[in-house]
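**Student:** missing the sequence, but the structure's below:
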């Protein structure tokens, strides 16, 4: 089961699991988008409309999952809100810490933290009852280190965008929640780990891509498929003695 399945990385997470032999439930707010992702994976995969912040929506999914498959082996909590530089024009004043709207902060927390909580609690309980399962929470390098606001300087030196407080705060919470789940349910056969990606190239301007790449030891931003192997590792028995950990895959970004 993958939440946020229609997103840039969500689609690749679904592909990775399908290629490894899993039956994938691709979950997204949009039923049309979720179904499109599932259909693209081939037969036997399922697209599901899901609001991760709504416990009734998650409970309905649990009932459907139990009726159709009787259980679940892998849960990828990928759905998230993220303020990205490519979505903002110059002079985005609302991205400043001093101006950041509390309503937007709460919304990010609801999706990024409460969503992980509800999915892990309601769907993870199926795993606990079965005595096995892998929960993979998608965090971020910005759950480990603070954003480097210098990345968002224009060629003229103007600060055109600030990475907000909400996203890194939420991802730090996800990493700690993962450790809680790992220790709480470890004796019931559940493993819980984080995958923390670095920045993914996705239509950003050339100046930003160069600055990010220059700051990365491997000299480039990630491609959307660069996390497929890591995800399968965490989902499979290849990581059977690994739990409560944060696997950082960032081209070396957090090494300095």
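**Tutor:** The structure has been received and is ready for your questions. Every value quoted in this text rests on a predicted model; they were computed, and no experiment measured them.
**Student:** For the protein, list the residue farthest from the centre, please.
**Tutor:** residue 156 (33.3 Å; CA atoms, centre = their mean).
**Student:** Now name the helix or strand holding it.
**Tutor:** Assignment of secondary structure by DSSP states H and E places residue 156 within no helix or strand.
**Student:** Mind pulling up the pLDDT for it?
**Tutor:** Residue 156 is assigned 93 on the pLDDT scale.
**Student:** Could you pick out the longest helix of the protein?
**Tutor:** helix 166-185 (DSSP state H).
**Student:** The helix or strand just after that one - contacts with which helices or strands?
**Tutor:** Going down the chain from helix 166-185, the next helix or strand is strand 190-197, by DSSP H and E. Strand 190-197 is packed against helix 124-130, strand 133-138, helix 166-185, helix 228-235, strand 246-249, with contacts defined by 3 or more CB pairs under 8 Å, 6 or more residues apart in numbering; DSSP states H and E. Every C-beta, even on glycine, is put in place using the N, C-alpha and C of the backbone.
**Student:** Can you say which of the ones you listed is nearest to residue 108?
**Tutor:** helix 166-185 (3.9 Å; CB to CB).
**Student:** which residues in the stretch 1-150 of the chain form strands?
**Tutor:** For the stretch 1-150 of the chain, the strands defined by DSSP state E, counting those that start in this stretch occupy 25-28, 46-49, 74-77, 133-138.
**Student:** so where's this protein shaky on pLDDT?
**Tutor:** 84-92 (pLDDT under 70).
**Student:** For residue 226, grab phi and psi.
**Tutor:** In terms of degrees, to the nearest 10, the main-chain angles of residue 226 are phi -70, psi -10.
**Student:** among the strands of the stretch 1-150 of the chain, which is the most enclosed?
**Tutor:** Most buried of the strands of the stretch 1-150 of the chain by mean neighbour count (mean count of other CB atoms under 10 Å) is strand 25-28; its value is a mean of 30.
**Student:** So which elements touch that one?
**Tutor:** helix 8-19, helix 31-41, strand 46-49, helix 55-68.
**Student:** if we go to 6 Å?
**Tutor:** Judged by 3 or more CB pairs under 6 Å, 6 or more residues apart in numbering; DSSP states H and E, strand 25-28 is in contact with helix 31-41, strand 46-49.
**Student:** Just send those back as JSON lines, with distance to residue 180 too.
**Tutor:** Listed next are the helices and strands packed on strand 25-28 as JSON lines, based on distance: least, CB to CB, whole Å:
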{"stretch": "helix 31-41", "distance to residue 180": "28"}
{"stretch": "strand 46-49", "distance to residue 180": "26"}
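**Student:** With respect to burial, which of these scores highest?
**Tutor:** strand 46-49 (a mean of 20).
**Student:** Give the pairing partners of it; include direction for each.
**Tutor:** strand 25-28 (parallel) (DSSP bridges).
**Student:** what sits up against the partner strand?
**Tutor:** With contact meaning CB atoms under 6 Å, 6 or more residues apart in numbering, strand 25-28 is reached by 1-3, 5-6, 14, 34, 37-38, 46-48, 50.
**Student:** Show me which of those residues is closest to residue 67.
**Tutor:** residue 46 (11.9 Å).
**Student:** Contacts only, for that closest one.
**Tutor:** 25, 38.
**Student:** do that again at 8 Å, thanks
**Tutor:** By CB atoms under 8 Å, 6 or more residues apart in numbering, residue 46 lies in contact with 23, 24, 25, 26, 38, 68.
**Student:** Equivalent analysis for residue 168, please.
**Tutor:** 140, 142, 143, 146, 147.
**Student:** Apply 7 Å and report the result again.
**Tutor:** Shown in contact with residue 168 (CB atoms under 7 Å, 6 or more residues apart in numbering): 142, 143, 146, 147.
**Student:** Buried ones only from those, please, as a ChimeraX command.
**Tutor:** This is the ChimeraX syntax for the buried subset of the contacts of residue 168, where burial follows 16 or more other CB atoms under 10 Å:
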select :142,143,147
